[in-house]
Every structure is written in structure tokens, then in C-alpha cells.
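predicted model, plus sequence, below.
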Amino acid sequence: MPLEKKKTRADALYILHRVAILLACAAVFYPGFNPGRITTQISRYTSLLTSCVSYHALVGNLGRVLSKGIVQAGTFYLLMGASIMMVVGIILAAVGGCMSVGNNLMRRKGLRYPLIGSMLMAGGLVGIRVAYTQIVAADSNRVPPNVSMGFYLFIVLTALILLTSLALSMRKQDEPLEEKLGMQEEYHLFLLFLPFLALAFVFSYLPLWGWRYAFFDYTAGGTLSAENFVGFKWFTYLFRNAATRRDLFRVLRNTLAMSSLGIITSWLPMLFAILLTQVNSRRFRRIVQTFTTVPNFLGWVIVYAVALAIFSTDGFINSFLNNFLHIDAHTNYLMSNSHMWIKMLLWGLWKGLGWSAIIYISSISGIDPALYEAATMDGAGRFRKIWNVTIPQLMPTFFVLLLMSIAGILSNGLDQYLVFSNAINQNAIEVLDLYVYNLGIGSGQIPMSTVVGMAKSIISVVLLFGANQASKALRGESII
Amino acid sequence: MSDKAKKMTKVRHTSTGPRYKSSVGDKVFMTLNITFFVVFTFLCIFPFYYLFINTISDNDLVNRGVITLLPKGIHIKNYLALQNVSDFGNSVLITVSRTILGTALMVIASGFAGYLTTKRKMWHRSMWYRLLVITMYFNAGLVPWYLNMLGLGLTDNYWGYIIPGIVAPYNIILVKTYIESIPAELEESATIDGATNIQVFTKIILPLSKPILATIAVFGAVGNWNSFQDSLILMANSPNLYTLQHRLYVYLNSSSNLANVMQSGGQVTAAMLNTKVIQYTISMVTIIPIMLVYPFMQRYFEEGIMLGAVKG
């Protein structure tokens, strides 16, 4: 492949062409932009892609309407056919879009695909419109017709793709065409990487768009519109309403208390590692390490199952008391509200102590033996060596982990507190993550829970950058 | 192989020096020390042992709370009875399939994406890479995430387990760091011989990065096997898509519910109705695969946590 040094011109027409294709590709996945939602009876969660691969999903709610003959099945076959046509068209356009970053020959050859593709898309749109008129002709009470935003969006996009590819193919050829199809390395690599970027964007950045729910009076299944826009109502409501204010303070207290307990005890893994490395028998160390790290790899649901087996009414403790000490015991220790914070800490330690120690064990094995030899020469005993050699060597690791846990002070995670929560201990166990879950998923208060989640995310990012700055200032190294 | 063995023995030799002269204080210390580890290790294993003996002991005895330290009347009927618990088989299928498929796709994607991010020639590489890394440090929150998945049609949909997990930024960074440690000459010589990027990846990079890929694979597999939250939130309306942990959570929380399920399952004896035993048995089924695999994979897990530390 001849090396192509010539920089491609930033060309407005090409950029418009590519952006239109990109938007069309993205809109295929979004139910909100499905041009084929010609009646409100089609599920609002059906995207263009879904309606082109699954007839079942398309007519999911329409069984009775179809069986009574209010609408002919042909209408929906037509709709599905049109959807397939559109998606095929968009795929062709996407191929052309990728080829448009190649060399002159590839660009030229690539133009035919969006041209054909946009015509297919136009055909699909016509098909959808025909199906729509059939729906309008039917009983509008049973199948209320609907023109979705996606229909207009796709008209615009189709027209854009068609016109830009026409304009580009009619443009006078001023640069010589190469012998072979080719693409500059930098663009080729980018195209290979694009699918991963797209996935990261869809699953990590796009949820941020959901923050808009915080500004609306939204209930599940409703819509967002100018009428239910409420501005910062929910933000002030959190503090003005006595009940939610009390809840919030309680939840924050639990969160901060349990996180602080975790931070206060964060030196325990280090101690565990130091004590374990004092044991001379390698086999003993190995066995301890294997068995103490296993609980870390079992989910919190399993931990809860273990807790039930040991502490519930017919669990091990009661069984032991009854059978060996002959005490008539029937306490369900899990149905208790006392010392929840400590109990949660202990479960966390049971699950994670052995695992967190591994990082320190490895660090200890990496300490230069010369340091210990020098200490021995100076007459240092076991504890002097631990205090003056081992601990100072472990401090950098400890410091980084400490800063990370401070940055994560609001994020205790959901699983542990969800599985252990019950009617009796709810007050003491509900942390911020669980509160958001209960509020948003449990009781469907989407705007309120979005507000709380938003505040949490923003504070967490600020804390993380603060911790990073602290690390830079104190150690001259960043932690992220 | 020999390299790896050396590395491992190095990690194992973690004692901080020569044996000490045994003074009385030192003896006391060592005794206390070893006692502590014996007790803690016991606390880590015993619950699983207790669960296990209760699943293989006579159900009547278990019901009466007699089984405390040793199994009595050993049988495996409880494990066989699981096939009568409706939806249990489904959950096993879902969990096993997502563990295999999800892990495989994640490993392939991390390998290839990690390789691509090492390519300095890529158009605006550092910007894309940064965008990927940032996603590890913030999230929009549970509800916006849920609404996004709802909007994508990935709720009550098996692919909701698989697709979001394909791109794992942390794993991509680990792979990238690893590939950067491979001598660049290997890749250069292949490029000079006319190999394309994809050929270089499959023929040279992939075989050389097996250790790191194995490490992220075991972490990914454990994560998938233990998955609970996504099942709980995304698949709320589709009991046939519950993962094993979610299924177990449901059973743990509603013994009465389980009794109903068992009764409707047909051919159920009174002994089988013992919901406690069934809870224990399902727990064991969830635990056993990890317990069996863990000792063989421990090396990879420990290497994994160190990689994270190096990166940090």
C-alpha cells in the first residue's frame, strides 16, 4: 500500500454526509425514534431494529385487534417489510460512510452505497406511510394512529443522505484516482475502534441524558413535555418536605457511618498480611490464603444465604445451643435492629479481608531483603523490623487505597445492604445506593431518585478529583 | 512455564527473614498469631461446610435442627429434587450461558480494543482512549441507567446481560498495558513482512497476551456467575430470565413462595417440601462451581489484583 501523506481536506459536505449517516445508525436502536410506530398500540419500547427482526414484538399488543379484523395483518407485514427496507438502507449508507474516509478511489466507489441506501430508506418511509393510512382508515378508538417523531427525523436524514451523496458524486473530479482501494492507516484504525467507542458511549455516556428526568414531573410510562417541566422543584422538595428531609439525613448518616467504619478499619488487611508473612510454613500460609480469599468470590446473595444458615431461627447458632448446651434458643439474629453498622462491617471483613490482604502480601514479598539484613545487623528484632522496614514500605500502597476509599465514601454498593435489609432493620441499614433503588425502582419516584443519584455522582467525582489532588500534592503521583 | 514457576515461588516466599531465636515472647506471639489464622480460616470455611452437611443429611433430622457438626443419614435426593423446582433449571441455563457468552465476548473485545489503543497512529487516539477511561470514574446513577436500558429495549431481554458487558474499560486498560510491555520489534517485523493489523493481532499479539486474557477471563466469569443486580433491576418482569443468584434471592426471601412452587411441581413428597433444605441446596449449587474452580484459578486472581495495583 503506497503511503499517503496528503492530508484529507476538511470538507463540509463530507462531514454533513457522515453525520447524517451516523445519526441514522444511532436512531435505529432507539424506540423513541422508531418511524414505524404508526399506532400507539405498538409498544413504546419497540425500536426500528426490533420491528424489523421480530414480528412478534411488533404486534405484541395487537392480537385482539388483528383477530377481530379491525386491521388487516397485511398492514403489519407491510410495516415490517418497510422497516427491513429501511434498516438495509441504513446499513448500506453506513458502509458508504466508512468508505468515505478512504482514498479517492474508495470514496468515489463508496458513494454508490449511500445513494442506493437512501433510496431504500425513502421506499421504507413510503411503505410506513401507506401502512399508516390503512391504520387511519380503521377504527381510531381501537388503534389510535400515531406519527412518531422518528418519522420526521428519518425524512430529514434520508433527504440529507440522498442529497449529499448526489452532490458528492456530481462534484467535478479534481484529484487523480488511485490504482487500488486503500485507506490511511489512522482512519482504518479508528474505524476498527469505532464499535467499541459506540458501545461505551451508549452504555456510559447516554445515561447522562436521563438526568433530564430530574427536571420534570414524570411518572413511569408518562412523557416529558413542556407542561410537566418543573425546573428545580425536586431539588428544593428534598429539603423542604419534612419527611424526605428526615429520610435523607437518616440515609446519609447510615452511609457516612458505615463508610467511615470501613475507612477506620482499612489498615486491617495490612495487619493481616504482615502477621501472615511472619508464619514460616509456606504450606500454612498457602492454605490460609486460599480459604480466606474464597468468600470474596461469592456474591452477596450467597453471603446472605450463609447468614441465614448460621443466624436464623433454625440456623447453626440455635442448633448448637439446643443440641450441645441444652439451652432452648429460638432467636432470629437477623431480625434485629441493633448494631447494624458493626454487623455490616463484620460481614464485609468476613468476605473481603483475606482478599484485600493479597495486595499487601505481594508488596511485602517485593521488599528488598537487604533492608531486613541491614536491620538485623543493627540488632532489630521481629517487631522493630515490622515497624521500621515493612510498614514504611507498605505505606504508599496503603495511602492510595485509603484515598480511593475516601473518594468512594458515598458508594457503599447496593447488593450487601439490599440482601440484608428487612422490615426491622431498614432504618439502620438503608444507605444512599439502597435509598435510590427503593425510591426509583421500588416506588417509581423517578425524578426524586434521579436527583439523589445525580447529587451522589457529582459529589463522588469531586471527591475523587480532590483525592487525586491530595495525592499529587503529598506524593507527587496521581491515583487515577 | 519455568518463568512462571519462578515468579510464583517468589510470591510464595513471603517470610520476612531468617527464623528468629525462640525467646518466650516470640513463642507466645507465634502461637497467638497461628491461632488467629486458624480461627479466621475456620470461620471462612465452616459456614459452607454447615450448609453442605445440611443438604446431604436426612431431611427430617435437618428439620428438627439436629444436624450441627456432622452429617447423618447421607443422601443426595435434595440435589435431584431441584429439577422439580420450577424455573430453577432455567436460571442455571441463563447463568451458565451468560457466563460463557458474556465472558468470551468481553475477552475478545478487550483484547482487540486493548490492542487498538496501543496504536499511536489512530486518528485522535488519546482523546478516544481518555473518553473510555473516564467512564470508570463516574456513572449517571441507577435510575438513569435503568431508563437508558429501557429505552434501548434491553430490559426483559437476554441481551441486556451480554451487550453492556462487552466493553469493559478497566480490562481494556489492563490489556493495553500488557501489550505495551511486549517488545515492539515483534510487531514491526511482521508489519514489514506485509501483515495487516488484524493479522498482527491474531498471529502475534493474541498468543503473547494469553496470561492477561486468562486473568480478565476468570474475573469476568466470576462476575457473570455472581451477577445479581442487573437481573434484579432489568429482568423484574421476566422470571424465566432470572440468574441463579436472583433466583436464590427470591427463594431466600419467600419460603412460602417456594413451597407453592414445589407443590405445583407435582410428585413432591412431604420431605421435599422442606424449604430450608431446598434453600441450602440451591446455595450449594451456586457455590460449588466456584469452590471447585477457585484453587486452579487462584494464581490468575492474584496476578489480576497485582496488575490493578501496578496500573493504579
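Here it is on my side, so go on. Numbers count the residues shown, from 1 in each chain, chains lettered A, B, ... in the order given.

helices or strands up against the helix or strand hosting residue B:94?
Using DSSP states H and E, residue B:94 sits in helix B:88-117. With contacts taken as 3 or more C-beta pairs under 8 Å, 6 or more residues apart in numbering or on different chains; DSSP states H and E, helix B:88-117 sits against helix A:185-200, helix B:125-134, helix B:159-162, helix B:169-180, helix B:210-225, helix B:244-253. All C-beta spots, glycine's among them, are computed from the backbone N, C-alpha and C.

in the shortest one, what's buried?
Judged by neighbour count (16 or more other C-beta atoms under 10 Å in any protein chain shown), helix B:159-162 contains these buried residues: B:160, B:161, B:162.

same thing with the first one?
Neighbour-count burial for helix A:185-200, with 16+ other C-beta under 10 Å as criterion, is recorded at A:185-193, A:196-197, A:199-200.

domain-wise, how is chain B divided?
Annotated domains of chain B cover B:24-75, B:78-312 [automatic domain parsing].

out of those domains, deepest packed?
domain B:78-312 (a mean of 18; mean count of other C-beta atoms under 10 Å in any protein chain shown).

skipping its backbone neighbours, what lies nearest the residue in the stretch 201-350 of chain A that chain B sits nearest to in space?
Of all residues in the stretch 201-350 of chain A, residue A:210 sits closest to chain B, at 2.9 Å by C-beta to the nearest C-beta. Closest residue to residue A:210 apart from its sequence neighbours, by C-beta to C-beta, 6 or more residues apart in numbering or on different chains: residue B:144 at 2.9 Å.

with residue A:77 instead?
Residue A:77 sits nearest to residue A:55 (C-beta to C-beta, 6+ apart), 7.9 Å away.

residue contacts, that neighbour?
A:76, A:77, A:80 (C-beta atoms under 8 Å, 6 or more residues apart in numbering or on different chains).

inside strands: which ones of the residues you listed?
Under the assignment DSSP state E, those contribute nothing to strands.

filter the residues you listed to the buried ones?
A:76, A:80.

now do the residue nearest the centre of chain B against residue A:167, distance only.
Nearest to the geometric centre of chain B sits residue B:222, at 0.9 Å (C-alpha atoms, centre = their mean). Residue B:222 is 54 Å from residue A:167, where distance means C-beta to C-beta, to the nearest Å.

quick one, phi/psi of the residue nearest to residue A:77?
phi -60, psi -40 (degrees, to the nearest 10).

re earlier: now mean pLDDT and distance to residue A:302 too, for the helices and strands packed on helix B:88-117, in TSV please.
Listed next are the helices and strands packed on helix B:88-117 as TSV, based on pLDDT from 0 to 100; distance: least, C-beta to C-beta, whole Å:
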stretch	mean pLDDT	distance to residue A:302
helix A:185-200	93	30
helix B:125-134	92	32
helix B:159-162	94	19
helix B:169-180	92	24
helix B:210-225	92	10
helix B:244-253	90	7
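
turn those into TSV, columns for distance to residue A:40.
Below are the helices and strands packed on helix B:88-117 laid out as TSV (distance: least, C-beta to C-beta, whole Å):
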stretch	distance to residue A:40
helix A:185-200	30
helix B:125-134	37
helix B:159-162	25
helix B:169-180	39
helix B:210-225	38
helix B:244-253	33
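
between the ones you listed, which one is nearest to residue B:196?
helix A:185-200 (9.2 Å; C-beta to C-beta).

can you tell me if the helix or strand that comes right after the closest one touches chain B.
Once helix A:185-200 ends, the next helix or strand along the chain (criterion: DSSP H and E) is helix A:233-240. No: in terms of C-beta under 8 Å from any C-beta of the partner chain, no part of helix A:233-240 sits within range of chain B; the closest distance is 12.2 Å.

before we move on, back to that, name all residues that make contact with the residue nearest to residue A:210.
Neighbour list for residue B:144: A:207, A:208, A:209, A:210, A:211, A:213, A:450, A:453 [criterion: C-beta under 8 Å, 6+ apart].

let's go with 6 Å and repeat that
A:207, A:210, A:211 (C-beta atoms under 6 Å, 6 or more residues apart in numbering or on different chains).

out of these, which comes closest to residue A:343?
Proximity of the contacts of residue B:144 to residue A:343 (C-beta to C-beta) peaks at residue A:207, which lies at 33.1 Å.

what ranges of the chain fall below the confidence cut-off?
Went with chain A since none was named. Across chain A, residues meeting the criterion (pLDDT under 70) sit at A:1-10.

meant chain B actually
Checking chain B against pLDDT under 70 turns up B:1-22, B:255-273, B:308-312.

mind checking the longest helix of it?
helix B:275-311 (DSSP state H).

is chain A contacted by it?
Yes: with C-beta under 6 Å from any C-beta of the partner chain as the measure, helix B:275-311 is seen reaching chain A through B:283, B:286, B:287, B:290, B:294, B:302, B:305, B:306, B:309.

how is chain A divided into domains?
A:12-183, A:236-475.

give me the contact list for stretch A:184-194.
With C-beta under 6 Å, 6+ apart, stretch A:184-194 has contacts from A:4, A:98, A:101, B:116, B:119, B:121, B:122, B:123.

same deal with stretch B:280-297?
Contacts of stretch B:280-297 (C-beta under 6 Å, 6+ apart): A:294, A:297, A:302, A:305, B:51, B:52, B:54, B:55, B:78, B:218, B:244, B:248.

could you do stretch B:83-98 as well?
Residues contacting stretch B:83-98 (C-beta under 6 Å, 6+ apart): B:82, B:161, B:224, B:239, B:240, B:241, B:242, B:243, B:244, B:247, B:261, B:265.

from residue B:60, how far out is the fourth one?
Right, the one you point to is residue B:239. 31 Å.

quick one: stretch A:74-82 to chain centroid distance?
Stretch A:74-82 has its C-alpha centroid displaced from the chain centroid by 35 Å (C-alpha atoms, centre = their mean, to the nearest Å).

cool, and stretch B:134-153?
The answer for stretch B:134-153 is 22 Å, by C-alpha atoms, centre = their mean.

same deal with stretch B:37-50?
With C-alpha atoms, centre = their mean, you get 21 Å for stretch B:37-50.

check chain A for its longest helix and report it.
helix A:446-475.

can I get the domains of chain A in CSV with distance to residue B:127?
Shown next, in CSV, are these (distance: least, C-beta to C-beta, whole Å):
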stretch, distance to residue B:127
domain A:12-183, 17
domain A:236-475, 19
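
what's the closest of those domains to residue B:199?
domain A:12-183 (16.3 Å).

ok, back up a step: helix A:185-200 and the helix holding residue B:94, what's the angle between them?
150 degrees (axes from the mean of the first three to the mean of the last three C-alpha atoms, to 10 degrees).

where's residue A:450 relative to chain B, distance?
According to C-beta to the nearest C-beta, to the nearest Å, residue A:450 and chain B sit 5 Å apart.

for the longest helix of chain A, buried residues please.
Buried-residue list, helix A:446-475, by 16+ other C-beta under 10 Å: A:446-457, A:460, A:463-464, A:467-468, A:471.

just put the buried residues of helix A:185-200 in JSON lines and tack on distance to residue B:174.
As requested, those are arranged in JSON lines below (distance: C-beta to C-beta, whole Å):
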{"residue": "A:185", "distance to residue B:174": "25"}
{"residue": "A:186", "distance to residue B:174": "25"}
{"residue": "A:187", "distance to residue B:174": "27"}
{"residue": "A:188", "distance to residue B:174": "25"}
{"residue": "A:189", "distance to residue B:174": "20"}
{"residue": "A:190", "distance to residue B:174": "22"}
{"residue": "A:191", "distance to residue B:174": "24"}
{"residue": "A:192", "distance to residue B:174": "20"}
{"residue": "A:193", "distance to residue B:174": "17"}
{"residue": "A:196", "distance to residue B:174": "15"}
{"residue": "A:197", "distance to residue B:174": "18"}
{"residue": "A:199", "distance to residue B:174": "18"}
{"residue": "A:200", "distance to residue B:174": "16"}
